[in-house]
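Peer 1: just to be clear, the model below is a prediction. Sequence and coordinates:
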Amino acid sequence: MSSGTLFDKIWNQHTVDDSDPALLFVDLHLVHEVTSAQAFSGLELANRTVRHPELTLATVDHAVPTTGRGLGIRDPLAKKQVDALKDNCARHGVQLFGLNDPRQGIVHVVGPEQGMTQPGMVIVCGDSHTSTHGAFGALAFGVGTSEVEHVLATQTIRQKKPKSMAIEVDGDLPPGVTAKDLILGIISSIGVAGGQGHVIEYRGEAVRNLSMEERMTVCNMSIEGGARAGMIAPDETTFAYLKGRPAAPQGSAWDDALEHWRTLRSDEDAQFDAVRHLAATDLEPYVTWGVNPAQSSAVTGSVPDPSSFSDPAIREAAERALEYMALTPGTAITDIPIEHVFLGSCTNARIEDLRAAASVIAGKRVIDRVSAVVVPGSMQVKVQAEQEGLDRIFTDAGFEWRDAGCSSCLAMNDDVIPAGARCASTSNRNYEGRQGRNARTHLVSPAMAAASAVAGHFVDVREWS
Amino acid sequence: MKPVKTITGSMVPLMRSDVDTDQIIPQQFLKRIERTGYGEFLFDSWARDEEGELRPDFVLNEPARANASVLVAGRNFGCGSSREHAVWALHDWGFEAVVAPSFADIFRNNAINVGLLPVELDETIVNRLAGLAASPQETVVIDLENLKVVADGFDETFRIDENARNRLLQGLDPISETLQLESDLKDYEARRPGWLPTTASF
């Protein structure tokens, strides 16, 4: 048998029809309220049914309130959208984690947490951050609503096979440099379109040493480097995380699964279409200064001069970005004042993220002019954090402690950052208007966000005491 | 989906790189559960000021552009969020094709599924077309059958995936196509290992 990459193996194992583009079987279809209503309508208009409701899992996350849930959803449009998902799931026999379900949360937090995300699977969702699930050695990618309808009807997806890219991260991450900094560093190095048309496999010592939650942070932002998907080969860390979760195999089924999972790695002589190397030891905590996730600087650096970019398109983009962000070239990153801190999103709202942030602020206070909010990634993360007493650390410091959802990552609910305000955010996108019209977003790690809430400006967490 | 064969019309140049789908259709317009009615919100944050008034200096708002059908854009067009609403908004506004040096993967798939033609040409060639598009009167003809983009003094061949081309030309419904492979699907389903997860666990 010819050798292949992890990606090749999963692709081949899921091919129902090998024409070009190929038809792939989808092991898990994740669904949320914003990109599914039109797909269900289309399905019903054509008198079709959901082929595999038991391989479909829905949750509400994008447009739901993170406070005052007992009162329901006040926004009539958001309510209609959430109700539509409830009706659609009931009509088609799809499991839904609704607004008041203790398992509700961000779709990319919930899948792994419940053990539905497993190695070697093909997972799709009408959401670009589906790449998160690649952390388990699954092939997971975002699709549009027409494709959601196709998956509902057929449990398959037709895709042109992407190319493969290996990103080898040599050495180990220095202290104070997190998985978020690793992926921001990678995106800064390859650019926002560097991964276009490729599935990235993250490899190397620094990647092997990451926990599952850290791997999810890395894979989550693969799309911000333009990649179709990101993945990490499963290993003992993966298996230990999965064992005992509600949907994980049990007894002899666990042994069968494990036997298969251990085959899921790129062969020694596998050929990637592209290979990039990165030295983990060169990485620092990063802060974005612009309006795309590649526009970042080390916290020790400063806002760049657009004229320093030779590519005219990149230079022009930097000029526009600085105008939107109201930043002057040469300003030290640590001199940028902030007014808001958002600790949340499918990138950085798992228990380890909350622990990292809590350890930075324990016994300290959020500075007066900063409004700081924690939105756990799921209600289960929230409960666990409360059992560990993290909620007290946050509220004692002056953070608000909310219910789970996407919240200020994309500001579809009431959690909108005001125009002109500057927000240190643990989310994934610093696009213009992403957190609210004319809001200014700086992407950082949870520890960096927490420290900035106390200081009122960015600080190097490596020097935090 | 209606077949797409030849598109003839005037152009709108929007030569920014990495235009993300959050710009094409901002999040506050994603709560509707219909596929239509997004055109008026296209590029909302660029097209309207804080009071919601149209900005006369935004290219899409120039009266002479009102009937344009081809958007000429910068590289990596449609990056970011998978929201198909971005394609619906462009289509609703009246665009039938977007010409750019490159497209983000999900956007390209969505465009093909909706019937908005993604036309990829080298950056220098797109820049030349954008120069022509500066004039709202300039007409372009995009011929999907022969993969041609033709305007005044401009005659270029573009590339598109062969399968996508056929689907657009014939206006095929991909779900019907797949459902014809019922026996392949059944075979595959029978081969799946029993330990794979299902929501029956909940």
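Peer 2: Cool, got the structure.
Peer 1: where does the stretch 1-150 of chain A have low pLDDT?
Peer 2: Low-confidence segments of the stretch 1-150 of chain A, defined by pLDDT under 70, span residues A:1-2.
Peer 1: name the residues of stretch A:312-331 that are buried.
Peer 2: Using 16 or more other Cβ atoms under 10 Å in any protein chain shown as the test for burial, stretch A:312-331 gives A:Ala313, A:Ile314, A:Glu316, A:Ala317, A:Ala318, A:Arg320, A:Ala321, A:Leu322, A:Tyr324, A:Met325, A:Leu327. Where C-beta positions appear, they are placed from N, C-alpha and C, glycine not excepted.
Peer 1: rebuild those as JSON lines, extending it with distance to chain B and secondary structure.
Peer 2: Output for these, formatted as JSON lines (distance: Cβ to the nearest Cβ, whole Å; DSSP: H, G, I helix; E, B strand; the rest coil):
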{"residue": "A:Ala313", "distance to chain B": "4", "secondary structure": "helix"}
{"residue": "A:Ile314", "distance to chain B": "7", "secondary structure": "helix"}
{"residue": "A:Glu316", "distance to chain B": "7", "secondary structure": "helix"}
{"residue": "A:Ala317", "distance to chain B": "6", "secondary structure": "helix"}
{"residue": "A:Ala318", "distance to chain B": "11", "secondary structure": "helix"}
{"residue": "A:Arg320", "distance to chain B": "7", "secondary structure": "helix"}
{"residue": "A:Ala321", "distance to chain B": "10", "secondary structure": "helix"}
{"residue": "A:Leu322", "distance to chain B": "14", "secondary structure": "helix"}
{"residue": "A:Tyr324", "distance to chain B": "10", "secondary structure": "helix"}
{"residue": "A:Met325", "distance to chain B": "14", "secondary structure": "helix"}
{"residue": "A:Leu327", "distance to chain B": "18", "secondary structure": "coil"}
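Peer 1: export the residues you listed to TSV and tack on pLDDT?
Peer 2: Formatted as TSV, the buried residues of stretch A:312-331 follow (pLDDT from 0 to 100):
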residue	pLDDT
A:Ala313	89
A:Ile314	92
A:Glu316	95
A:Ala317	95
A:Ala318	97
A:Arg320	97
A:Ala321	98
A:Leu322	98
A:Tyr324	98
A:Met325	98
A:Leu327	98
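Peer 1: out of those, which comes closest to A:Arg392?
Peer 2: Nearest to A:Arg392 among the buried residues of stretch A:312-331: A:Met325, at 34.7 Å, using Cβ to Cβ.
Peer 1: and for residue 68, the neighbour number?
Peer 2: You didn't pick a chain, so chain A it is. 12 (other Cβ atoms under 10 Å in any protein chain shown).
Peer 1: that was the other one, I meant chain B.
Peer 2: Per other Cβ under 10 Å, the neighbour tally for B:Ala68 reads 23.
Peer 1: what does B:Arg55 give?
Peer 2: Neighbourhood size, B:Arg55 [other Cβ under 10 Å]: 12.
Peer 1: next up, the contacts around it.
Peer 2: B:Trp46, B:Ala47, B:Arg48, B:Asp49, B:Asn61 (Cβ atoms under 8 Å, 6 or more residues apart in numbering or on different chains).
Peer 1: select only the buried ones of these in ChimeraX?
Peer 2: A single ChimeraX command selects the buried members of the contacts of B:Arg55 (16+ other Cβ under 10 Å):
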select /B:46,47,48
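Peer 1: tell me which two in the contacts of B:Arg55 are the farthest apart.
Peer 2: That would be B:Asp49 and B:Asn61, which, of the contacts of B:Arg55, are the farthest apart (Cβ to Cβ) at 10.9 Å.
Peer 1: between the buried residues of stretch A:312-331, which is nearest B:Val70?
Peer 2: When the buried residues of stretch A:312-331 are ranked by distance to B:Val70 (Cβ to Cβ), A:Ala313 comes first, at 20.4 Å.
Peer 1: how about that closest one, what does it touch?
Peer 2: Residues near A:Ala313 by Cβ under 8 Å, 6+ apart: B:Ser17, B:Gly74, B:Arg75.
Peer 1: out of these, who's near chain A?
Peer 2: The residues of the contacts of A:Ala313 that also fall near chain A, by Cβ under 8 Å from any Cβ of the partner chain, are B:Ser17, B:Gly74, B:Arg75.
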